[in-house]
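Colleague: Let me see the structure of the following:
(chains A and B)
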Amino acid sequence: MILYEFEVKSILEKLGVPVEPSCVVSSPDDSLLHSCLRTIGPPYMVKAQVRGWGRGKRGLVIPAETEDGAVQAVKELFSSSYEGQRVRYVMISRKVQVRREYYLALMLDADSQRILLLASREGGVDVEKLARQPGGVLVQTIDPLLGLRDYMVRRVAEHLGLNASEVGNILRAMYTAFWSYNMILLELNPLALTDRGLVAIDRKAIVDDDALPLNSNLSEFAARLQEELSEVQRISLKEGFTVVEVGEGGIAVVGNGAGLTMATMDYVEQAGGKPGLFLDLGGGASSERVEKALLLIMSLGKYDKVLMNILGGITRCDEVARGILRALERVGDVRLKMAVRLSGFMEEEARSLLESRGVRAFRTLEEAAKEVIS
Amino acid sequence: MAILVDESTRVLVQGITGRQGSMHTLEMLKYGTKIVAGVTPGKQGEKVHGVPVYNDVFSALEEHPEINTSIVFVPAAYAPDAVYEAIDAGIKLIVVITEHIPAHETLKLVRYGKSKGVTIVGPNTPGVISPGKCKVGIMPADYFAAGRIGIVSRSGTLMYEVASRLRSEGFGVSTAVGIGGDMVTGLSFEDVYSMFVRDSETDAVVLVGEIGSSKEERFAKYFSELKVKKPVAAFIAGRSAPPGRRMGHAGAIVMGDVGTYASKVKSLEAAGIPVAKSLLDIGRVLSSVLKTNLARTAL
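Modeller: Coordinates of the predicted model:
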């Protein structure tokens, strides 16, 4: 999950990282808006809160010299959108006089099985661009068993040409946040040098979805995300399957296991079909889960064909067949064209169950796919 | 020989009394795997399918010092602790079936395992099978015929699909290893491949990858620099997946330019590894690399 900037700010502020005065409103009519503007005082930076990058380039950050200007900017941002999502929160910050901008980040690196500490003398720009310039980014690896050591702090401070104790306080707070909130990425971009020292004026973080149910520090953020989920996302989260809308096609591809479902979708596309939905039932799907998945697909009304690819193992083919039949019974008038490929554990039982009710069950993916593509 | 698991494997099942643990203990026993003990705190003295249960790993090892492998079915919140316990008790091969362990936890336990010379397979893996010899995992054994092809895969069910296609085209498997679908895993493609290169019972390797991360790209680079190698055929899932969406596995997501299907295929092909463009082509691509290799040996 990508956190909102204001969420990351609150985490860092608690840990003692210097930040600018700011507040957040959730609508242009928010009763807090005027007292907020007065407390902070001009000039302002008015920033849409989005779960992603590239906000500045899309005009979602607006400077304002006066209270009226800020109110206008807040209105404008609430009527804009980011990647198809409406803007739900706007943050108003005191605009800080910046002498120089830097970049600091911590990143979980699966390849090296280390944490990477990245530091650059150029802030406010794309780190991928920075990384391509020689000497653009200092990369300090941190063994998770060793943690952040003083020599690493000194090395970063030296590279940035900044005071080691000031940089050290920020890095230690970042490292604490990284572990306490299961962050996969934490970015201060930019970290600004001002007349009053370093201030983290923009910040981004991605937290590990698998930590959401286990780490109570994240519950507040998880609850906020929950409110933003679509109906489809909510149901799939509850039932334990993964649904991704992949395009405009009318074929819903269902499988048990992420890799298998992806490969099935790839095959459909290669064979000339148009997949519109990816649905991974996960391992050991019960008939209830299969039933709910199919009902969900039907309720969306966008798909007229379903291709289901099941490899029995922990998943029992007969359980899947029962789920399919129950879903069909519940709906009654079925306009869905459905093809099922079943293989493995309890395959024959499943096949006879399905065929007794006129649902076609195939032995190979090729045959099943042909059925929905033609 | 085979790799990782064979006739000499003696297994401890951690989380043996749970639904998954108990069910797969039975399946593994049926396959012929030598399971000597199980662990579930508070359940010492019970038996699961005839396997004695202990409260902790140390007690199990006192009674059964022949244990050399552990398979972990413990839920995500407690799984890291179970793995640390197995490491500290001196078990050198740990297969972690558990899904949804936070990446930070995995990062620490993988580093700790390495520091103690322990091999961790997974997390989020179907496990390891050396057909006809031993299965330490949850894969349906029927799909895996015994033979001389090694399989290494990020995905579970896709590994079964590939094994079953190989079987129907007359290929058997020496060992199939699921490295796991998570971002951080104990074994990389390189780790498993280097074991296959040393294994006298493996002639060639099928690599089953998917979009997201740069695991396949790293393997391609490693492969191209190797002096001694065995042929590899690859398949990558996710060609039709949209960017920025997590496709079921925690690690299966294209972020920016990283982890795209195109980048993986390009890297592998540049390293001399042919990529089957469809599931249907895997057998054909494997045959072609085997033939080329034979020709090379003949020269």
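Colleague: Any residue of stretch A:342-362 touching chain B?
Modeller: Yes - contact between stretch A:342-362 and chain B, assessed by CB under 8 Å from any CB of the partner chain, occurs at A:343-345. C-betas here are computed from N, CA, C, even on glycine.
Colleague: Most neighbours among these, which one?
Modeller: A:S343 (22 neighbours; other CB atoms under 10 Å in any protein chain shown).
Colleague: Residues in a beta bridge with that one, which ones?
Modeller: For A:S343, the beta-bridge partners under DSSP bridges are A:L311.
Colleague: Show me what counts as buried in the helix or strand hosting B:A60.
Modeller: Using DSSP states H and E, B:A60 sits in helix B:57-63. Buried residues in helix B:57-63, counted by 16 or more other CB atoms under 10 Å in any protein chain shown: B:57, B:60-61.
Colleague: Next: stretch A:224-235.
Modeller: Under the neighbour-count criterion of 16+ other CB under 10 Å, stretch A:224-235 has A:225, A:232, A:235 buried.
Colleague: now swap in stretch A:197-206 and tell me
Modeller: Neighbour counts using 16+ other CB under 10 Å place A:198-206 of stretch A:197-206 among the buried residues.
Colleague: and of these, the nearest to B:R154?
Modeller: Closest approach to B:R154 among the buried residues of stretch A:197-206 (CB to CB): A:I206, at 20.8 Å.
Colleague: Any chance you could list what contacts whichever helix or strand the closest one is part of?
Modeller: Taking DSSP H and E as the criterion, A:I206 maps to strand A:203-207. The contact list for strand A:203-207 (CB atoms under 8 Å, 6 or more residues apart in numbering or on different chains) reads A:1-3, A:5, A:7-9, A:11-12, A:53, A:177, A:181-189, A:218, A:221.
Colleague: Also near chain B: which of the residues you listed, exactly?
Modeller: A:182, A:184.
Colleague: Please pick the buried ones from the contacts of strand A:203-207.
Modeller: Neighbour-count burial within the contacts of strand A:203-207 applies to A:1-3, A:5, A:7-9, A:11-12, A:177, A:181-189, A:218, A:221; the criterion is 16+ other CB under 10 Å.
Colleague: can you map out the helices along chain A?
Modeller: Per DSSP state H, chain A carries helices over the ranges A:5-14, A:33-40, A:67-78, A:127-132, A:150-160, A:164-180, A:219-228, A:231-239, A:258-270, A:287-300, A:317-331, A:347-356, A:365-373.
Colleague: For B:K34, give its distance to chain A.
Modeller: Going from B:K34 to chain A by CB to the nearest CB, to the nearest Å gives 22 Å.
Colleague: burial count for residue 35?
Modeller: With no chain named, the answer covers chain A. A:S35 - counted by other CB under 10 Å - has 10 other residues nearby.
Colleague: should've been chain B
Modeller: B:I35 has 24 nearby residues by other CB under 10 Å.
Colleague: swap in A:V61?
Modeller: Applying other CB under 10 Å, I find that A:V61 has 17 neighbouring residues.
Colleague: ok, now how distant is the residue nearest to it when sequence neighbours are not counted from A:G56?
Modeller: Nearest non-adjacent residue to A:V61, counting by CB to CB, 6 or more residues apart in numbering or on different chains: A:K47, 4.9 Å away. Distance of A:K47 to A:G56, given as CB to CB, to the nearest Å: 9 Å.
Colleague: The two: which has the busier surroundings?
Modeller: Comparing A:K47 with A:G56 by other CB under 10 Å, the one with more neighbours is A:K47, at 24 against 12.
Colleague: Contacts only, for that one.
Modeller: By CB under 8 Å, 6+ apart, the residues touching A:K47 are A:5, A:55, A:60-62, A:77, A:90-93.
Colleague: please redo it, this time with the cut-off set to 10 Å
Modeller: A:5-6, A:22, A:24, A:55-56, A:60-63, A:73, A:77, A:89-93, A:202 (CB atoms under 10 Å, 6 or more residues apart in numbering or on different chains).
Colleague: which residues does it bridge with?
Modeller: Here A:K47, judged by DSSP bridges, has bridge partners A:V61, A:M91.
Colleague: quick one: it from A:I201, how far?
Modeller: Distance of A:K47 to A:I201, computed by CB to CB: 10 Å.
Colleague: who's in contact with the longest helix along chain B?
Modeller: Ranked by residue count and defined by DSSP H, the top helix of chain B is helix B:282-298. Helix B:282-298 is contacted from outside by B:148-149, B:161-162, B:165-171, B:203-206, B:208, B:229-235, B:272-278, B:281, using CB under 10 Å, 6+ apart.
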